[in-house]
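Q: I would like to see how this sequence folds:
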Amino acid sequence: MDFKITDSAKEKLKNIEDHQILLLEFDRGSCDVVNNIYQIQVINKRPCGPNEKLITGDGIEFMVNLHFEDVYENQLVIDYVNGSFVFKNKNQIFNNRIGLHVIREN
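A: Residues are numbered from 1 along each chain as shown. Just a heads-up that it's a prediction; the model follows:
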């Protein structure tokens, strides 16, 4: 997968700690296939579930759905513009209002 993270997005993601990972989880209630990620979740590292895998974009590791690449046509750029993350590729903007949410686990 051609997976890139812009410098502005890297700046917002740089404080992820060693025991944490970024989770891109599809909203199963959404009927729109490509616009169904509304937040990047910061969670404690854990093993991948049966429908998850790890992918790396520009040295940043993400936990994603097994079919993540197919949904984004094997190309994704994560950018940060005007206070939100933007998911896009060379053909379209998928979602331009994605937030960052830290999940506090005990």
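
Q: list the strands paired with the host helix or strand of V77, with their directions.
A: In this assignment (DSSP states H and E), V77 forms part of strand 75-81. Note on strand 75-81: by DSSP bridges, its sheet partners are strand 2-5 (parallel), strand 84-88 (antiparallel).

Q: quick one, which of these gets closest to L54.
A: L54 sits nearest to strand 2-5 of all those, at 11.7 Å, using Cβ to Cβ. For every residue, glycine as well, the C-beta is placed using N, CA and C.

Q: identify all contacting residues around that closest one.
A: If you take Cβ atoms under 8 Å, 6 or more residues apart in numbering as the criterion, strand 2-5 is touched by 13, 55-58, 60, 74-78.

Q: ditto for stretch 87-106
A: Residues from elsewhere that reach stretch 87-106, judged by Cβ under 8 Å, 6+ apart: 12-13, 34-35, 37-44, 72-73, 75-79, 81, 84-86.

Q: just the buried members of those residues?
A: 12-13, 34-35, 37, 39-43, 72, 76-79, 85-86 (16 or more other Cβ atoms under 10 Å).

Q: buried sites along the longest strand anywhere in the chain?
A: For the chain, the strand with the greatest residue count under DSSP state E is strand 93-102. For strand 93-102, the neighbour count (16+ other Cβ under 10 Å) marks 94-95, 98, 100 as buried.

Q: checking the nearest residue to M1 once chain neighbours are set aside next. Helix, strand or coil?
A: In this structure, M1 finds its nearest non-sequential neighbour in E69, 4.5 Å apart by Cβ to Cβ, 6 or more residues apart in numbering. Going by DSSP: H, G, I helix; E, B strand; the rest coil, the secondary structure assigned to E69 is helix.
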